[in-house]
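In: Take a look and give me a structure for this.
(2 chains)
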Amino acid sequence: MSTNTVRVVATLNEKGLDYELVPVDLRTGAHKQPSFLALNPFGQIPVLDDGDIVLFESRAISRYIASEYKETGPDLLRSGGGSAETAALEVWLEVESQQFGPPIADLVFELSIKPLLGGTTDPAVVEKQAEKLGKVLDVYEERLSKNKYLAGDHYTLADLHHMPYTFYLMATPQAKLVTSRPSVLAWWHDISARPAWKKTAASIPI
Amino acid sequence: MGVKVYGPTMSTCTARVLLCLEEMGAEYELVPVNLSIGEHKQPAHLARNPFGQVPAFEDGALMLHESRAIARYVLRKYKISGADLLKEGSLEESAMVDVWLEVEAHQFDPAIAPIFFQIFILPMIGGVPDQTVIDTNLEKLCKVLDIYEARLCKTKYLAGDFFSLADLSHVPLLHYFMGTPHASVVYSRPHVKAWWEAVSSRPACKKVTSVMPGSA
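Out: Predicted structure coming up:
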C-alpha cells in the first residue's frame, strides 16, 4: 500500500467504513494504462470510486470521506467546531501538505522505498532532508507543547494526514527526528495508539 | 477591526489571499513585509508565521498562515456577501473543487514554481537562470497542461462549469508565467487559453495582478 493510499484507508478506518481495496500493480505500469488514466489522468494512486463520483489526490479523497460521513465516528473536520478551531485545522492540513510532506517524502523514499527498488540510499539527500524536516518539526514541537492535537483539543484530519509518512519514518534511523522532540513524540504515541490506526498499520507491509 | 494580510504585493502566495478578498468584495489592510531585508525571519513576523514565510493573516485574535488555508477561511467568512467559490453546500461539487485544488498544489505548482524561480527570483538575488531546470520543468508543465486541456474540453472551469478557488489558486504563478516567452504553452492549448482568458479578465484578478510586477 502506498503512503498516499494509506492516508485514504486510515480515514475510512477512522469512520468505521467498509470498502474494497482494488490493487494497482505499479511494477507492471498498471497506473499508466488507459483504463486507469480514465480514473486519474495523472496516473497516480489512490483513486476513490464512490459510485457516482471518482476522485483522485489523497487529501481531496480523505476530505470527501470526512465530509460525507461527518455524522459517523470522530468529527475529523470539526464541522461543529468554532471558527478558530476550523481555521487552525485548515492551516495544519496545509502545513502537512506544503512544509512537512516534501522533506519527509524524500527521506522515506531514500531510506525505505529506494532500497526496495534495488537502489542505494544517498546519505547526502538523507542529511539535507533530515535537516529540513528537523526545522519543520521544531515548529510542530512548539505547537504541540501548547495543544494536544494540531488543530487544538481534538484529533482531526490534520493529525491523520501526517500518519502514513511518520509511520514509515519511525521504522528508520531518522525516527530520532521525532523521538528527540518530547511533544511531537507524545503526540505520535497518542495518535498511533488509536484503534483505527492500529487496524490501518496492521495492513501496511513493513 | 478589519482583517490584515502581511506580505509583499509581488509574492504569489500573498496574491492568492488578496484574490480571495477581492473576489468577495471584502475590506482589508495589506501590511508590507520586506523580504529583501529579511523581515520575514524576524521575531515579529515569526510570531505570525512560524515558518518565516509570507503571507500571514490576522482577523482579530486569529492569526493564520499557509495561503490556501487562509483562502478557505476568507471564502467561508465572506460567503454571504460574496460568491461561493468552495461549493461546500454540495458534496460532489466541493469534492471536485478539492481535487483540482490538490492538483494545483501537487501537480501544477511543482512544475511552474521552479520556472518562476529561475526567471524572476534568481536574477533578483544575483543568480543566473539555469536553462536545463527551465526546460525540464517546462516539459513537466506541458504534460500537466495536456491534462488540463482534456479536462477543460469537458468543463468550463476546472472543478466544473462554475468558477471556484481551484481556478483562482492558479492565477498568481500563471500571471508571471504568461509574461515570459514560454506563455506559448498556454496559447497553443485552445481550452487552457480560453480558461486563462476568462479567469484573468475577472475584475478581482485584474485588480490584484495590476500591482504585481510584470503586468502588461
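
In: Once you drop chain neighbours, what's closest to residue 104?
Out: Assuming you mean chain A. Distances taken as C-beta to C-beta, 6 or more residues apart in numbering or on different chains put residue A:165 closest to residue A:104, at 4.5 Å, once the chain neighbours are dropped. Bear in mind the C-beta positions are built from the backbone N, C-alpha and C, glycine included.

In: my bad, the chain I had in mind was chain B
Out: Residue B:104 sits nearest to residue B:169 (C-beta to C-beta, 6+ apart), 4.7 Å away.

In: That neighbour against residue B:71, yeah?
Out: Yes. Here residue B:169 reaches residue B:71: they are 7.0 Å apart, a contact under C-beta atoms under 8 Å.

In: overlap in contacts of those two?
Out: Each of residue B:16 lies in contact with both residue B:169 and residue B:71 under the rule C-beta atoms under 8 Å, 6 or more residues apart in numbering or on different chains.

In: Flag the shaky bits of the chain, pLDDT-wise.
Out: Looking at chain A here, since you left the chain open. Applying pLDDT under 70 to chain A flags the ranges A:80-81, A:206.

In: sorry, should have said chain B
Out: Those would be B:1, B:214-216, if you go by pLDDT under 70 across chain B.

In: That one: helices as residue ranges?
Out: B:12-23, B:43-46, B:67-77, B:91-103, B:109-116, B:131-154, B:165-168, B:171-177, B:184-187, B:190-200, B:203-209 (DSSP state H).

In: same deal with chain A?
Out: With DSSP H, the ranges of helices along chain A come out as A:3-14, A:34-37, A:58-68, A:83-95, A:101-108, A:114-116, A:123-146, A:157-160, A:163-169, A:176-179, A:182-192, A:195-202.

In: so can I have JSON lines of these showing mean neighbour count?
Out: Formatted as JSON lines, those follow (neighbours: other C-beta atoms under 10 Å in any protein chain shown):
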{"stretch": "helix A:3-14", "mean neighbour count": "23"}
{"stretch": "helix A:34-37", "mean neighbour count": "11"}
{"stretch": "helix A:58-68", "mean neighbour count": "23"}
{"stretch": "helix A:83-95", "mean neighbour count": "22"}
{"stretch": "helix A:101-108", "mean neighbour count": "20"}
{"stretch": "helix A:114-116", "mean neighbour count": "11"}
{"stretch": "helix A:123-146", "mean neighbour count": "16"}
{"stretch": "helix A:157-160", "mean neighbour count": "26"}
{"stretch": "helix A:163-169", "mean neighbour count": "23"}
{"stretch": "helix A:176-179", "mean neighbour count": "16"}
{"stretch": "helix A:182-192", "mean neighbour count": "17"}
{"stretch": "helix A:195-202", "mean neighbour count": "16"}
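
In: Compare those and give me the one nearest residue B:77.
Out: helix A:83-95 (7.8 Å; C-beta to C-beta).

In: CA atoms only: put that closest one into PDB for me.
Out: Taking Å, rounded to 0.1, in the frame of the first residue of the first chain, the C-alpha atoms of helix A:83-95 are listed here in PDB:
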ATOM      1  CA  SER A  83     -14.200  29.100  13.500                       C
ATOM      2  CA  ALA A  84     -10.900  29.300  15.300                       C
ATOM      3  CA  GLU A  85     -10.600  25.500  15.500                       C
ATOM      4  CA  THR A  86     -11.700  25.100  11.900                       C
ATOM      5  CA  ALA A  87      -9.200  27.800  10.800                       C
ATOM      6  CA  ALA A  88      -6.400  26.000  12.700                       C
ATOM      7  CA  LEU A  89      -7.400  22.700  11.200                       C
ATOM      8  CA  GLU A  90      -7.100  24.200   7.700                       C
ATOM      9  CA  VAL A  91      -3.700  25.700   8.500                       C
ATOM     10  CA  TRP A  92      -2.300  22.400   9.700                       C
ATOM     11  CA  LEU A  93      -3.700  20.500   6.800                       C
ATOM     12  CA  GLU A  94      -1.800  22.900   4.500                       C
ATOM     13  CA  VAL A  95       1.300  22.700   6.800                       C
END
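
In: hmm, who's touching it?
Out: So helix A:83-95 is contacted by A:59, A:77-78, A:81, A:139, A:143, A:150-154, A:156-159, A:161, B:51, B:61-62, B:64-69, B:72-73, B:76-77 (C-beta under 8 Å, 6+ apart).

In: So how do I select the buried members of those in ChimeraX?
Out: ChimeraX command restricting the contacts of helix A:83-95 to the buried ones, with burial defined by 16 or more other C-beta atoms under 10 Å in any protein chain shown:
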select /A:59,77,78,81,139,143,150,151,152,154,156,157,158,159,161 /B:51,64,65,66,67,68,69,72,73,76,77
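
In: Name the residues of chain A found near chain B, please.
Out: Residues of chain A lying near chain B by C-beta under 8 Å from any C-beta of the partner chain: A:41-42, A:52-53, A:55-57, A:59-60, A:63-64, A:67-68, A:83-84, A:87, A:90-91, A:93-95, A:97-99, A:136, A:139, A:142-143.

In: so what's the residue most central in space within chain A up against?
Out: Of all residues in chain A, the one closest to the mean position by C-alpha atoms, centre = their mean is residue A:161, 3.5 Å from it. Listed by C-beta under 8 Å, 6+ apart, the contact set of residue A:161 reads A:7, A:59, A:62, A:93, A:96-97.

In: now those residues as CSV including distance to residue A:115?
Out: Formatted as CSV, these follow (distance: C-beta to C-beta, whole Å):
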residue, distance to residue A:115
A:7, 23
A:59, 27
A:62, 28
A:93, 31
A:96, 25
A:97, 26
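
In: Which single one of the residues you listed is nearest to chain B?
Out: residue A:59 (5.4 Å; C-beta to the nearest C-beta).
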